[in-house]
Every structure is written in structure tokens, then in C-alpha cells.
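>>> let me see the structure of the following:
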Amino acid sequence: MAGAGRLAALPCGKVSKWIVLALWIVAIAVSFSPAGKLTGAQENDAVSWLPGKAESTEVLKATQQFSSPDEIPAVLVYERSSGITPDDQQAVGRHLAQYGDLQDVDRDVIGPIRSEDGKALQVLVPINAGTGGWETIGARADDIRRVAADRPDGLSFHLTGPGGYAADSQEAFAGIDGKLLYSAAAVVIVILLLTYRSPVLWLLPLLSAGVALFAAQAVVYVLATQADLTVNAQSAGILTVLVFGAGTDYALLLVARYREELRRHEDRHEAMAFALHRSGPAIIASGSTVVAGMLCLLFASLNSTRGLGPVAAVGIVIALLAMLTLLPALLVICGRWVFWPVRPTYGSDDHTETSVWGRIGRRIAVRPRLTWVTTSVLLAAAALGILTLQANGLSNEESFVGTPDSVVGEKVVAAHFPAGAGNPLVVVSNADKAAEVRTAMSSTQGIAAVAEPRITNGVAYLEATMTDAVDTQAAKDTVDRVRASVHAVPGADALAGGGAAIVLDTQRAADHDNKIIIPVVLAVVLAILALLLRALVAPVLLVATVVLSFAAALGISSLVFKALGFEGADTSFPLFVFVFLVALGIDYNIFLMTRVHEEAKVHGTRRGALIGVAATGGVITSAGLVLAGTFAVLATLPVVAFAEIGIAVALGVLLDTIVVRSVLVTALNLDVGRHLWWPSRLSRQRDPEPADDLPEPEPEASLTKA
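Numbers count the residues shown, from 1 in each chain. Next up, the predicted model:
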């Protein structure tokens with residue numbers, strides 16, 4: 001508390017509030033340039049997503065001497081259902097020369113390759129993305145389409161393969177930062193207007209969240225360019241949602257406590273000091289828990305997952321700092337009028353205890369055990385939906401909402417060529433064993449053909465065309481068989497990689513990460529709760545409710561996905577949803593339980609539980625709506641993995657705030673009573689007899705009154 005008290009003095013002073021505001025203005029000025037460059041610092045190539053020690057990653061490194069690691073092949077397919085004509089052949093021949101002259105095409109264009117049925121032609125264009133990543137691929141894809149537009153009538157054209165999918169991904173993520181920012185801001189504005197019922201007050205939390213996001217993007221850019229932090233479109237997008245959602249949550253808790261104190265203190269500076277002193281520990285503990293949970297992602301083997309941890313942690317730290325310094329300064333600068341038309345005047349009545357959540361708390365108190373048992377059974381039933389969840393990775397076709405050209409092209413390629421054409425399985429070995437390795441590959445089930453080896457500096461490079469599409473289970477099985485075959489060649493030191501191997505290694509790394517990180521996150525959260533509440537029973541119960549809430553959210557989400565036509569989920573989906581729901585769900589536990597703990601010292605645990613839910617139920621509900629709304633914004637993106645994370649986290653947060661935190665946890669508090677605080681001294685403090693229940697609720701109370 002002493003730390004919070006010292007912190008409270010800084011943004012609340014009559015002079016220091018202006019110093020705080022000036023410091024944040026300087027921070028915005030310093031952040032302006034680096035924040036705007038974050039998109040350019042993103043790494044969306046294969047290595048930035050792959051596990052660092054995977055065999056496919058080693059192959060990418062070993063093949064740098066044969067081609068640039070930034071080279072992405074684009075597969076072009078021409079089709080005429082009645083058969084390719086001589087005019088078609090000539091047109092494609094002209095196109096080949098133009099493709100070769102395009103910027104960033106450093107090696108020879110391959111083709112045209114005629115299909116056995118004579119109805120399609122295939123061309124492979126190697127594009128060197130360089131440092132431009134998706135942006136370069138998107139620009140070259142546009143150039144390729146302009147060249148291909150000059151073709152005979154009736155000859156269809158599609159751009160697919162790794163280059164085609166990269167171009168479609170770039171288009172799907174185009175302007176993502178702006179879309180997420182404006183959408184998240186719109187959600188926050190609407191919910192804050194409903195919560196505060198003030199045409200002015202919502203501006204201050206929104207402004208503070210925007211400043212926090214701007215500063216966070218600048219810090220992440222510096223870490224990406226100076227400290228080798230991996231940042232991609234996924235982590236940058238989640239950063240926007242997380243800062244707005246979590247930052248607004250902290251703002252809601254602070255403003256709710258500030259409004260209480262304004263009724264008790266005539267001087268608004270003093271009221272804010274008390275509000276920070278009393279809510280500061282809960283807000284800091286909540287933010288610290290989220291940061292600790294996010295940093296657990298550093299244990300991940302997937303580069304993309306490991307990079308998300310520090311990115312999210314930076315966002316939370318800066319959001320926390322902004323809401324504990326900038327927002328209080330703005331509130332005291334503006335004064336009480338900012339709450340207009342319902343200004344909390346000194347000495348006015350506080351209707352918190354007579355709110356809807358106060359009424360709900362009293363109803364739960366009648367039969368608390370029946371309430372928590374029934375709620376737990378219903379949540380467990382909802383969790384059964386997990387049995388239908390297929391989080392084994394998304395095929396290329398399943399990765400997009402809609403059907404982009406790359407998906408159509410892949411189907412055309414599969415109809416006329418071996419399904420793995422254009423995205424080969426790659427093997428590197430010692431040059432003197434190249435012939436034996438090629439023989440081993442050729443004799444492996446699932447391999448259609450193996451090209452002649454290319455040899456440089458004692459290393460042999462071999463490409464094999466698989467009979468199955470690279471994102472199918474059959475192709476993954478072929479990778480395992482090829483690896484077994486080439487590893488068995490004595491002295492070859494052979495390694496197998498390529499598109500299908502990347503998919504397989506990513507899936508296995510995600511499975512490994514789930515088994516490692518989920519227990520670590522639970523242990524960290526349990527330890528933080530134990531330190532905060534100075535107890536063991538309450539933290540164990542709270543973590544159990546979080547796990548139950550996560551399982552229910554995953555089960556319901558699985559059913560929603562099927563209704564929306566999503567065939568599966570990304571391999572990292574369960575881990576991301578778990579980390580977000582557990583870390584953020586614990587926020588609401590902390591908001592509630594720190595207040596219950598505070599009140600239990602004075603009134604006993606039973607009355608403390610009722611006061612706690614009455615005082616925090618509204619703000620937790622509002623905070624949950626904000627966080628759910630901001631994560632739901634991800635569902636507007638045409639990328640299935642993002643949409644699924646957004647839907648699942650939004651559903652989980654709503655369950656957390658409306659059902660788990662305010663109903664299930666309150667019922668457990670009332671049933672377990674003072675034993676919650678074992679082994680602390682508070683567990684030996686008996687409740688007053690008879691219990692002094694809260695007064696009856698007033699009819700005008702509102703659910704969203706914070």
C-alpha cells in the first residue's frame with residue numbers, strides 16, 4: 001500500500017498533475033516516428049513463425065547458398081477445359097519473358113509445364129521478397145496479374161503456391177492496424193457511453209488508451225529493430241486489441257473507485273489520491289499477472305508465439321502506466337464536471353450497495369452451495385464441446401474467410417498436376433551421398449518425382465514433388481517417411497524440409513508448447529494470487545474457476561465455429577485462448593477478491609463477499625464488455641485464425657465477467673467463508689453473528705453502473 005500511496009501523490013498533486021501531462025506529451029512526440037514504422041518492422045516470413053530448432057528451419061538455413069532464404073515461389077496456372085491451344089502456348093511463352101524481367105525475380109522462371117491431360121500449363125516464378133516481406137510479394141503479384149491479363153479468351157489464370165498465398169495474406173492483413181484501431185476505439189466509445197452516461201467522460205479513458213497504444217508501438221518497434229524481437233502481423237494486431245481492452249479495464253476500475261471517493265472527499269485531488277491508494281494495488285497486481293502470463297510465452301518453441309509474449313507484455317506495462325498516471329492527471333485537471341450530467345458531489349449518497357449486483361449477491365447468499373454447484377455443472381456441460389474441436393492446423397483453403405484466388409488456383413493445380421507440384425519437399429545432404437539420398441527419396445511412398453541434385457560447396461540440394469497437397473495429413477505422413485528414409489543413409493547427414501515439413505513441424509511445436517506453457521502459466525498465476533491474498537485456499541479455488549471458464553469457452557466456441565463453417569482451428573489456438581483468458585480472467589478475480597479481502601477485515605467474509613460483488617459487479621461487467629468487444633473486432637478480419645481467437649476470447653471474457661466472477665466466485669466465497677483465507681490470520685476471524693446483510697436494492701439500480 002505504501003508503494004501505491006507514493007504513486008498516488010504524483011498524478012494527483014495540484015502542480016505535479018501538469019508535470020505528468022507534460023511528460024506524456026513528450027512521450028507522444030518521441031513515439032511519433034518509431035510507432036509509424038512498426039508495420040515495416042514486421043517479419044512475416046516462414047522463419048519468423050517456425051520453431052527455431054525444427055528440422056525444416058535447419059533446411060531453410062542450409063539452402064541459403066542455393067537460393068535466397070527470402071525467395072518465395074509463385075505458382076501460376078493457366079487452364080482451358082477444352083484443352084490448351086497453340087495460341088495459349090504462345091501467349092504463355094510471351095508471358096515467361098515478361099515475368100523474368102520483373103523486379104525481385106532474380107532466378108530463371110520455370111515453365112511452361114504442360115499437364116498430362118493437356119488442359120493446363122504451369123509456370124513457377126521465384127520472387128525474392130528481401131526485407132519487404134509480404135509487401136514485396138503483394139506488389140509482384142499485382143505485376144504478374146497485369147502481365148497475365150493479356151491472354152486469349154477462355155484461358156483462365158490463377159496465382160497460387162507459396163507466393164499466391166503470401167499475396168492473399170498480405171491483402172487480408174492490409175490496413176489491419178488501422179481497422180483494428182478504429183474498430184476497437186468504436187467499441188470502447190459505445191460501451192463507455194453506456195457505462196458512464198456522460199457525453200464527455202469517455203474521452204479521457206479513450207485518449208489514455210490511445211496514447212498507451214502509440215507509446216507501446218514505439219517501444220515494440222525499438223525492440224524489434226535493436227533487440228531482435230520477432231514481431232509479425234499477428235502480434236502487432238493483438239497488441240492493438242490488448243492495449244485498448246486491458247487499458248480500458250484498468251480505467252473503469254480506477255474511475256469507479258474515484259467516483260466513490262468524490263462523494264467522501266471535497267477536494268478532488270485528495271479523492272483521486274485515495275482512489276489510487278485503494279485501487280492501485282489491485283490494478284498493479286492485475287497488470288503484473290497479465291504481464292507474467294504473457295512472458296510465459298517465452299518458453300514457446302515457435303518463434304511467432306515466443307515473440308508475442310514480450311510484445312503483449314510491453315503493451316500491458318505501458319497501458320498500466322498510462323492508466324495510473326495520465327488518466328488520473330486528466331481526471332483531476334478536468335474536475336467533477338467531467339461526470340456531467342450525474343456529478344458525484346461531496347456528501348451525496350452512494351447507491352453502489354443497492355445496485356443490481358448487490359441484489360444478485362443477496363439472492364446467491366440464500367443458497368450459495370446450490371448456486372456454485374449448479375453453475376459449475378452447466379459450465380462443465382458447455383466444456384464438452386471441446387470434444388468436437390479440431391485444433392490440428394488449418395489447410396490453405398481453411399485459412400481464409402471466403403475463397404481467394406490462391407485457393408482456387410490450388411484446386412486447379414491439383415486437378416491437372418501432382419497435388420504437391422510447385423511446393424516441393426526439400427532435402428539437403430552431403431554431396432558425396434546425393435545419389436543414395438535421391439534413391440531413398442524416390443522409393444518412398446507419397447513421392448511422385450525427385451529432381452536431379454544441385455551441388456554447391458559439398459552440399460547437395462534435392463527437390464521432390466509429392467503426390468498430395470502440402471497442407472494435408474497425407475503430405476505430413478510423407479514427410480515423416482522421407483525423413484526416416486534419408487536419415488537412414490549412412491554419412492549423408494540428410495535433413496528434410498519444405499512446405500509440408502514446415503506445416504508438420506509447426507503443428508508439433510504447438511503441441512509441445514501447449515504441454516509446457518499451460519502448466520507454467522497456472523503456476524505463475526497461482527503464486528501471484530497467493531502472495532496478493534496471503535492465502536492458499538482462495539487462490540486454488542480461483543484458478544480452478546478460471547480453468548473451468550476456459551474449458552467452457554473453448555467448448556462453446558467449437559460449436560460456434562461449426563455454425564460459421566470453420567472446419568478446424570490453428571494449432572496455436574488453444575494456447576493463445578488459454579493465455580488470454582487466464583491472464584485477463586484473473587484480472588477480474590483480483591478486482592473482486594481484493595475488495596472482498598479488504599471488506600472482510602472489517603465486516604467478516606460473508607458481508608465482505610456481498611459488499612465486494614455489489615461494489616465491483618458493475619465495473620467488472622463493464623470491463624468485460626469492453627474487453628470482449630475489442631477482441632471480437634478480430635472476428636471482422638478475413639483470416640480464420642484471427643477470427644477464431646477473437647470469438648473464443650470474447651465468449652470466454654463474457655462468461656468470466658457475468659457468470660464466473662460475479663456468480664460462481666461469489667457463491668464460493670459465501671459457502672467457504674473465512675476458510676478462504678487459510679492459513680492467514682483472517683481465516684480465524686469469525687463473521688459477526690447474526691450477519692449484517694446489505695439493505696434491499698433500489699429499483700433504479702443499473703447493471704452497468706460502475
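
>>> neighbours of the closest residue to residue 27 other than its chain neighbours, just the number please.
Spatially, and ignoring its direct neighbours in sequence, residue 27 is nearest to residue 215 (5.5 Å; C-beta to C-beta, 6 or more residues apart in numbering). C-beta: built from backbone N, CA, C; applies to glycine. Using other C-beta atoms under 10 Å, residue 215 has 25 neighbouring residues.

>>> which helices and strands does the host helix or strand of residue 215 pack with?
In the assignment (DSSP states H and E), residue 215 maps to helix 203-226. With contacts taken as 3 or more C-beta pairs under 8 Å, 6 or more residues apart in numbering; DSSP states H and E, helix 203-226 sits against helix 16-36, helix 176-196, helix 233-262, helix 303-321, helix 327-334.

>>> looking at these, which is buried most?
Of these, the one with the most neighbours on average (mean count of other C-beta atoms under 10 Å) is helix 233-262, at a mean of 27.

>>> next secondary structure after that helix?
Next along from helix 233-262, by DSSP H and E: helix 268-295.

>>> what is the mean pLDDT for that next one?
Averaging pLDDT along helix 268-295 yields 84.

>>> check which helices and strands it is in contact with.
helix 2-12, helix 233-262, helix 303-321, helix 327-334, helix 499-533, helix 573-603.

>>> rank those by pLDDT, which is bottom?
Taking the mean pLDDT of the helices and strands packed on helix 268-295, helix 2-12 comes last: a mean of 58.

>>> right, and the helices and strands packed on helix 203-226 - which one's nearest residue 522?
helix 303-321 (16.0 Å; C-beta to C-beta).

>>> if you count contacts, what does the closest one end up packed against?
helix 46-49, helix 203-226, helix 233-262, helix 268-295, helix 573-603.

>>> all strands for the stretch 51-200 of the chain, in order.
71-79, 110-114, 120-128, 156-160 (DSSP state E, counting those that start in this stretch).

>>> where does the chain dip in pLDDT?
1-9, 40-50, 52, 68-69, 130-134, 174-180, 346-355, 421-422, 688-706 (pLDDT under 70).

>>> what about the residue nearest in space to the middle of it, distance to residue 631?
Central residue of the chain (C-alpha atoms, centre = their mean): residue 238, 4.7 Å from the mean position. Distance of residue 238 to residue 631, given as C-beta to C-beta, to the nearest Å: 9 Å.

>>> ok, residue 124 - contacts?
73, 74, 75, 76, 109, 110, 111, 161, 422 (C-beta atoms under 8 Å, 6 or more residues apart in numbering).

>>> where's the residue nearest to the centre of the chain relative to residue 400, distance?
19 Å.

>>> same thing with residue 537?
Taking C-beta to C-beta, one finds residue 537 at 48 Å from residue 400.

>>> does the residue nearest to residue 27 touch residue 28 like I think?
Yes. Between residue 215 and residue 28 there is a contact under C-beta atoms under 8 Å: 7.3 Å.

>>> before we move on, back to that, and the helices and strands packed on helix 203-226: which comes nearest residue 433?
helix 303-321 (30.5 Å).

>>> and the angle from that closest one to helix 573-603?
Here the directions of helix 303-321 and helix 573-603 differ by 30 degrees (axes from the mean of the first three to the mean of the last three C-alpha atoms, to 10 degrees).

>>> I'd like the distance between the residue nearest to residue 27 and residue 30.
9 Å.

>>> check residue 24 too.
11 Å.

>>> ok, residue 268 next?
For residue 268 relative to residue 30 (C-beta to C-beta), the value is 30 Å.

>>> how long is stretch 149-164 end to end?
One end of stretch 149-164 to the other measures 16 Å (C-alpha to C-alpha, to the nearest Å).

>>> quick check: most distant residue from the centroid of this protein.
Distance-from-mean max, the chain, by C-alpha atoms, centre = their mean: residue 86 at 51.0 Å.

>>> next up, the contacts around that one.
Counted by C-beta under 8 Å, 6+ apart, residue 86 has zero contacts.

>>> what about the spatially closest residue to residue 575 that is not a sequence neighbour, how many neighbours?
The shortest distance from residue 575 to any non-neighbouring residue, by C-beta to C-beta, 6+ apart, is to residue 514 (5.1 Å). Using other C-beta under 10 Å, the number of residues around residue 514 comes to 18.

>>> same check on residue 395?
Residue 395 - counted by other C-beta under 10 Å - has 17 other residues nearby.

>>> that one and residue 471 touch, don't they?
Yes. With contact defined as C-beta under 8 Å, residue 395 reaches residue 471; the gap is 4.2 Å.

>>> re earlier: which residues do residue 238 and residue 631 both contact?
Common neighbours of residue 238 and residue 631 (C-beta under 8 Å, 6+ apart) are residue 645.

>>> how about the helices of the stretch 351-500 of the chain, start to end?
Using DSSP state H, counting those that start in this stretch, the helices of the stretch 351-500 of the chain run over residues 356-366, 368-383, 405-416, 434-442, 473-487, 499-533.

>>> off-centre distance for the second one?
The one in question is helix 368-383. 28 Å (C-alpha atoms, centre = their mean, to the nearest Å).

>>> ditto for the longest one
Its chain's average C-alpha position is 14 Å from that of helix 499-533, according to C-alpha atoms, centre = their mean.

>>> still on that earlier bit, turn the helices and strands packed on helix 303-321 into TSV, columns for distance to residue 527.
Formatted as TSV, the helices and strands packed on helix 303-321 follow (distance: least, C-beta to C-beta, whole Å):
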stretch	distance to residue 527
helix 46-49	31
helix 203-226	26
helix 233-262	21
helix 268-295	9
helix 573-603	12
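
>>> can you tell me which of those helices is most buried?
Taking mean count of other C-beta under 10 Å, helix 233-262 is the most buried of the helices and strands packed on helix 303-321, at a mean of 27.

>>> show me where the stretch 551-700 of the chain has helices.
573-603, 605-632, 640-654, 666-672.

>>> any idea which of the strands of the stretch 51-200 of the chain gets closest to residue 452?
strand 110-114 (13.8 Å).

>>> just give the strands next to that closest one in its sheet, each with its orientation.
Here strand 110-114 is paired, per DSSP bridges, with strand 120-128 (antiparallel).

>>> with just CA atoms, put the strand it pairs with into CSV.
C-alpha atoms of strand 120-128 as CSV (Å, rounded to 0.1, in the frame of the first residue of the first chain):
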residue,chain,number,x,y,z
ALA,A,120,-3.4,-26.7,-68.1
LEU,A,121,0.0,-25.1,-68.1
GLN,A,122,2.1,-24.3,-65.0
VAL,A,123,4.7,-21.7,-64.5
LEU,A,124,7.0,-21.2,-61.4
VAL,A,125,8.2,-17.6,-60.7
PRO,A,126,10.8,-17.3,-57.9
ILE,A,127,10.2,-14.0,-56.1
ASN,A,128,12.9,-12.6,-53.8
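
>>> now that strand, how far from the centre of its chain.
Using C-alpha atoms, centre = their mean, the offset of strand 120-128 from its chain centre is 34 Å.

>>> between it and helix 405-416, how many degrees?
130 degrees.

>>> by how many degrees do strand 120-128 and strand 156-160 diverge?
Using the same axes, to 10 degrees: strand 120-128 against strand 156-160 is 40 degrees.

>>> the residue nearest to residue 575 and residue 221: what is the separation?
30 Å.

>>> same question for residue 665.
39 Å.

>>> rewinding a little: can you put the helices of the stretch 351-500 of the chain in CSV and add distance to residue 617?
Formatted as CSV, those follow (distance: least, C-beta to C-beta, whole Å):
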stretch, distance to residue 617
helix 356-366, 3
helix 368-383, 15
helix 405-416, 47
helix 434-442, 64
helix 473-487, 48
helix 499-533, 19
